[in-house]
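# Here is the input, now give the coordinates:
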Amino acid sequence: MSDCLFCKILAGEIPSAKVFENDAVYAFRDINPQAPVHVLVIPKTHIPSLDALTAENQESATACLLAIPGIAKAEGLETGYRVISNVGEDGGQTVKHLHFHLIGGKKLGEKMA
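Residues are numbered from 1 along each chain as shown. Down below sits the predicted model:
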């Protein structure tokens, strides 16, 4: 989508600090990290959010989830990490492109809100 921030990153129109890439997934450092390690993992296919998953596009989300453990290991997150996907305005989603926040590098609290 032409107005999607993450699609622009994928197209090379906006720079990012790439951490991982394969045919289906792109991962890069969050510009406003919430922990020592904060990586965004996105499908290369535009999907607005988890609410927009269908049988036709589920492989894109699955590819992201399958990539996360390897990214976490490469980032040194051997003792644990958190994966979050915000959905909709009330869920805190600010970019309407499915993405997973991979957060770690410190002891994370049990509370999420």
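# Could you name the helices and strands sitting against the lengthiest strand in the chain?
Secondary structure assigned by DSSP state E gives strand 37-43 as the longest strand of the chain. Here strand 37-43 touches helix 5-10, strand 18-21, strand 25-29, helix 58-74, strand 100-104, going by 3 or more Cβ pairs under 8 Å, 6 or more residues apart in numbering; DSSP states H and E. For the C-beta atoms, the positions are set from N, CA and C on the backbone; glycine is no exception.
# now, of the ones you listed, which is deepest in the fold?
strand 100-104 (a mean of 22; mean count of other Cβ atoms under 10 Å).
# Could I get the CA-only coordinates of stretch 50-70 as PDB?
Written as PDB, here are the backbone C-alpha positions of stretch 50-70 (Å, rounded to 0.1, in the frame of the first residue of the first chain):
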ATOM      1  CA  LEU A  50      -4.300  -9.900  13.000                       C
ATOM      2  CA  ASP A  51      -8.000  -9.200  12.500                       C
ATOM      3  CA  ALA A  52      -7.300  -9.300   8.700                       C
ATOM      4  CA  LEU A  53      -5.800 -12.800   8.700                       C
ATOM      5  CA  THR A  54      -7.500 -15.200   6.300                       C
ATOM      6  CA  ALA A  55      -6.900 -18.700   4.900                       C
ATOM      7  CA  GLU A  56      -5.300 -17.000   1.900                       C
ATOM      8  CA  ASN A  57      -2.700 -14.900   3.800                       C
ATOM      9  CA  GLN A  58      -2.100 -16.900   7.000                       C
ATOM     10  CA  GLU A  59       1.300 -18.200   5.600                       C
ATOM     11  CA  SER A  60       2.600 -14.600   5.900                       C
ATOM     12  CA  ALA A  61       1.900 -14.400   9.600                       C
ATOM     13  CA  THR A  62       3.100 -18.000  10.200                       C
ATOM     14  CA  ALA A  63       6.400 -17.100   8.500                       C
ATOM     15  CA  CYS A  64       6.900 -14.200  10.900                       C
ATOM     16  CA  LEU A  65       6.200 -16.400  13.900                       C
ATOM     17  CA  LEU A  66       8.600 -19.100  12.600                       C
ATOM     18  CA  ALA A  67      11.300 -16.500  12.200                       C
ATOM     19  CA  ILE A  68      11.000 -15.000  15.700                       C
ATOM     20  CA  PRO A  69      12.900 -17.700  17.700                       C
ATOM     21  CA  GLY A  70      15.900 -17.500  15.400                       C
END
